[in-house]
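Student: With the sequence up front, the predicted model follows.
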Amino acid sequence: MANCSEQIKIIAMEKRMPDWDRVLTTARGRGYFAFEFDGDIIDLITKIRALLDSPTKCLRILEIDGHGTPLSCNGLDLSTVPIWGQQLMTLAPLGCARGWCEPECSIYLSGCNTGLSHIPMDPNTSVAQQLAEAMRFNPATFNHHITVYGSKGYLSGTNMNGDEVTEREYSEGIWPFSTDHPAKKGASDATGSKCWLPYRNW
């Protein structure tokens, strides 16, 4: 059994997000590494691998913070889910156990509505559920338990900071020129851990 003694937590943020300075300021104090990426899985994996630079390091939590919908989060969408899943299953040649810690690891898709269905009759499951299914547990080929968390509303804050809030509906701008964003199926007003819907890969 590999000596996975150094457990890494990462928050990766879409470039040019307005709260980057706040996230960067708080990350170190909460034991996280923080970096910006361009939404591309190759850029994300390259930066994760740079942190998993010894055979004792493994990834415990990955939080991806950016704009989201039920069908996307940054460059992750239903068309790219298989590629993201494949890349995330083999994080780092140098990191222990394919780069993932055990017994269980977490991925947070910290964008709006990433755990919800798009519309009531849409056959597509959420992007969070799709990612969990793309990283399916298999004792022979991928012996890692991953829970992918998707938000259940319009999200502010991060899981890292513990200040997350979801709202069923969202309005931006000043009336009468405001834009209203309706609730998605299953949306909820919530705070903290209640903002998330978990999808397991096993």
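Tutor: Nice, thanks for sending it over.

Student: wait, residue 96 sits on residue 59?
Tutor: No - in this structure residue 96 lies outside contact range of residue 59 using C-beta atoms under 8 Å: 10.1 Å. In this view, the C-beta of every residue, glycine as well, is placed from N, C-alpha and C.

Student: More neighbours: those two, which one.
Tutor: residue 59 (27 against 21; other C-beta atoms under 10 Å).

Student: For this protein, which segments count as strands?
Tutor: Under the criterion DSSP state E, the chain contains strands at 6-14, 33-37, 57-65, 68-69, 72-73, 76-77, 105-110, 146-151, 154-156, 165-167, 170-172, 179-181, 190-191, 196-200.

Student: Which pLDDT value belongs to the residue in the chain sticking out farthest from the centre?
Tutor: Note on the chain: the largest C-alpha distance from the chain mean falls to residue 176, namely 34.7 Å (C-alpha atoms, centre = their mean). The pLDDT attached to residue 176 in the predicted structure is 73.

Student: Format the strands of the chain as TSV; extra columns: mean pLDDT and distance to residue 27.
Tutor: Formatted as TSV, those follow (pLDDT from 0 to 100; distance: least, C-beta to C-beta, whole Å):
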stretch	mean pLDDT	distance to residue 27
strand 6-14	95	6
strand 33-37	96	4
strand 57-65	96	10
strand 68-69	94	20
strand 72-73	95	19
strand 76-77	96	21
strand 105-110	98	13
strand 146-151	98	18
strand 154-156	96	17
strand 165-167	98	19
strand 170-172	87	26
strand 179-181	87	29
strand 190-191	98	21
strand 196-200	97	19
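
Student: and residue 138, which of the ones you listed is closest to it?
Tutor: strand 146-151 (11.9 Å; C-beta to C-beta).
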